[in-house]
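Colleague: just to be clear, the model below is a prediction. Sequence and coordinates:
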Amino acid sequence: MISLKGKYKSYIKSIALALVIFVAYLWIQDIFSGEEGRVRKFVLQGKKVIEAKNILGLTQLIADDYHDKYGNDRQTLLYIFREVFGYYSQILVHIESIEVSLDDSKTSASVEILALVIGKTAQNNTEKILEGEKGAIKLRLIKEEKIWKLQGVESFEAMTIMGQNIS
């Protein structure tokens, strides 16, 4: 007959084994996913940082030489995000699709993202920042010291941020 102590030991061993297998799976997946997988991971990390309204985390994702077609540099982009994070009490991001194009040297990438982004204001109003086909944005990424960084952003449609239409 199995005692209670022996029964718990078998449960603990089973849970420990499952945990080891899961960690090994994640490790192997990270090794064999390649650069496209790492770019997708970067995009999902950006999603988490935006939803958490973590300006310090966002700082680590943006390249020092960031610039976009709107004339923004890294500091301006961080300022914009700081203002947006202050305006919205909650930001929800749902990524519908991610299309990754790597250059031949795999040191830069172009990523098209189709997303739904909703912001909830302090007054409990909700605003759609990006939506469906109108929510397509293009990211330019560069690999710096084996880490992907955001080098530029381009929106294909006008966005509504903080109650203002931005094209």
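Modeller: Happy to help now that I have it.

Colleague: and the strands in the chain, which stretches?
Modeller: With strands called from DSSP state E, the chain shows them at 88-102, 108-121, 126-130, 136-144, 147-155, 159-161, 164-166.

Colleague: ok, I113 touching I137?
Modeller: Yes. I113 lies in contact with I137 (Cβ atoms under 8 Å); the separation is 5.4 Å. Heads up, the C-betas are built off the backbone N, CA and C, glycines and all.

Colleague: more neighbours, those two?
Modeller: Counted by other Cβ atoms under 10 Å, I113 and I137 do not tie: I113 has more neighbours, with 21 against 17.

Colleague: ok, now how distant is the more buried one from N125?
Modeller: I113 sits 25 Å away from N125, going by Cβ to Cβ, to the nearest Å.

Colleague: for the spatially most central residue of the chain, give its distance to K13.
Modeller: The centroid of the chain falls nearest to G46 when counting by Cα atoms, centre = their mean (2.3 Å). In this structure, G46 and K13 are 39 Å apart, going by Cβ to Cβ.

Colleague: next, the buried residues of whichever helix in the chain runs longest.
Modeller: Identified as the longest helix of the chain according to DSSP state H is helix 4-32. Of the residues in helix 4-32, none count as buried by neighbour count, 16 or more other Cβ atoms under 10 Å.

Colleague: for this structure, which spans come out with low pLDDT?
Modeller: Within the chain, the stretches with pLDDT under 70 are 1-7, 29-33, 132-135, 156-160, 162-167.

Colleague: what are the structural domain limits within it?
Modeller: As assigned by automatic domain parsing, the chain contains the domains 1-32, 34-166.
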